[in-house]
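**Q** when you get a sec, could you give me coordinates for this:
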Amino acid sequence: MKTWTKKGTTKAQAAVQNGVVYVGGGDAYWYALDAATGSILWKVYTGDNSATAGHYNWSSPLIYNGYAYIGVASLGDCPLVQGQLLRVDLNTHQIVKRVGDQFQAATSNDGTNYTLVPGDTVSLDLPNTVLEGVATSSDTNGTLSTIAYSSVAIGAPARPPASPSPTTPCPIGWKCTSIGNPAIVGSQSLNNGTWTVQGGGADIWGTTDQFHSVWQTLAADGSMSAHILSQSNTDGWAKAGVMLRQSTDPGSPYYAVLVTPGHGIVVQYRTSQGASAGQKVIIAGTVPTYLKVTRTGNTYSTYTSSDGTTWTLLAGSSMTLNMSGSILEGLAVTSHNTGTLSTVTFDTVSTT
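**A** As a prediction, this is how the structure comes out:
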C-alpha cells in the first residue's frame, strides 16, 4: 500500500470522496488532494488567517450533493472575528451561493407590481430542478375546497419584487429602503440636520446583508462621512456607519466602516456579487465617532476624525474593489437581531 504525507498544521479531519481528499490546510486555503499521490488538485481561499483577521478553517468538511460545507472560525474563539459557513462547489471549485437557493413571497394589487412580504426570505438547498405551481387544501378530510385562480404566470417575473416601503417618508434628495427584506421594516427621519435611522435585520455579513439604508448616487470619485451620535444596543454586533455599495441587492459588493456596541469599529467589504464578506480592519471605539469612506478610482479607504474637520487615514483600511460605474453612498444600520430595530442618530452627514 502506497502512503504519502503532507506537512502542515491543521486540527481538521479530512473527508474522502471519489479518490479526492478534502481538508483544511491550516493556512488561508482549503485543499483538494489526490488520494493516491497527495498532490494538490485545487484549493480555495477561505479568508485571511493573519493574526489581525483570524479566519481559520478548523472544521472537518461535510461533503453533500456536489458541495463541501466548511466552517471558518477565529483563533482562540476571538469575539471580534465572526464565524462563517462556506459552501464550495466541487465542480467549479468556487465558494458559491446560488440565487436559486433564495425563496421569497410577494403580493400585488394589480398583478404587475409586486412587493416583498417583510421577513419572508429564506434560503433552501433544493435540487436544480423544482416544481412550481398552485396548491389547494381543504384542511378537512372528506371535503373539497374549491378555489378559482386567474392570471397564473410561471417563470421569471417580468420585474423583481420591490422591497417594502419604509415606515416613514424618505427625505427629499435621498433614497431609503430596508435591504435584504428583514422581518421588521426600518425607518428614517431628518430634523435640523440630525438623522434618526432605525434598522432591523440579521447582519451586514456573510454572502447577503439585511439592514436599513439611506443613500444617494455617487457617479465617480467621492466620499461619505457622518458623525454617529448614538446607537441602541440590540446586540454586541449591531452595526451603524457609512457605506459605499454597488447596488441594493442583498449580495452586492460594498465597502463600509461600521461602529458596534460591543466589538469596536470594523472596516468590512464584499469583493463580488454573492461572495463572503470580509473584515479589513478592527479598532477599538464606540459612539460618538466620526467616520468617513472614500472612493478614488478602484481604491477604497476609511478615515477617522475627532472633530469632523481633520481626517486621518485608518492604517490598513485601503483596498482595491472593482465596483463599476455609479455606486451608492449612504448610511447603514442593522440591529443584528431580527426581532427588533436598532435606533441610531447621525449628524454632520456629508457626501462629496
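**Q** any stretches of the protein with poor pLDDT?
**A** Along the chain, segments meeting pLDDT under 70 span 1-12, 25-26, 48-59, 74-83, 96-102, 104, 119-129, 155-160.
**Q** so the residue of it most remote from its centre is in which element?
**A** Outermost residue of the chain with respect to the C-alpha centroid, by Cα atoms, centre = their mean, is Gly142; its distance is 47.6 Å. Using DSSP states H and E, Gly142 sits in no helix or strand.
**Q** can you give me the strands in the stretch 51-200 of the chain?
**A** 62-64, 67-72, 84-89, 94-95, 102-103, 106-108, 114-116, 122-123, 175-179, 187-191, 194-199 (DSSP state E, counting those that start in this stretch).
**Q** okay if I get these as CSV plus mean neighbour count?
**A** The way it works is simple: take the backbone N, C-alpha and C, and place the C-beta from them, glycine included. Converted to CSV, the strands of the stretch 51-200 of the chain look like this (neighbours: other Cβ atoms under 10 Å):
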stretch, mean neighbour count
strand 62-64, 14
strand 67-72, 19
strand 84-89, 19
strand 94-95, 16
strand 102-103, 14
strand 106-108, 12
strand 114-116, 18
strand 122-123, 11
strand 175-179, 23
strand 187-191, 18
strand 194-199, 22
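**Q** now render the ones you listed as TSV, adding distance to Ala135.
**A** Shown next, in TSV, are the strands of the stretch 51-200 of the chain (distance: least, Cβ to Cβ, whole Å):
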stretch	distance to Ala135
strand 62-64	28
strand 67-72	29
strand 84-89	29
strand 94-95	34
strand 102-103	15
strand 106-108	17
strand 114-116	19
strand 122-123	17
strand 175-179	29
strand 187-191	35
strand 194-199	35
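**Q** so which of these gets nearest Thr345?
**A** Among those, strand 194-199 comes nearest to Thr345, with 5.4 Å by Cβ to Cβ.
**Q** quick one: that closest one to strand 187-191, angle?
**A** What separates the directions of strand 194-199 and strand 187-191 is an angle of 180 degrees, with axes from the mean of the first three to the mean of the last three Cα atoms, to 10 degrees.
**Q** run through the neighbouring helices and strands of strand 194-199.
**A** Strand 194-199 sits against strand 187-191, strand 211-218, strand 327-334, strand 342-351, with contacts defined as 3 or more Cβ pairs under 8 Å, 6 or more residues apart in numbering; DSSP states H and E.
**Q** sheet-wise, list the partners of it with their directions.
**A** Using DSSP bridges, strand 194-199 pairs in its sheet with strand 187-191 (antiparallel), strand 342-351 (antiparallel).
**Q** how about the helices and strands packed on strand 194-199 in CSV, adding distance to Val72?
**A** Below are the helices and strands packed on strand 194-199 laid out as CSV (distance: least, Cβ to Cβ, whole Å):
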stretch, distance to Val72
strand 187-191, 34
strand 211-218, 22
strand 327-334, 21
strand 342-351, 26
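**Q** that's all I had, so thanks and see you.
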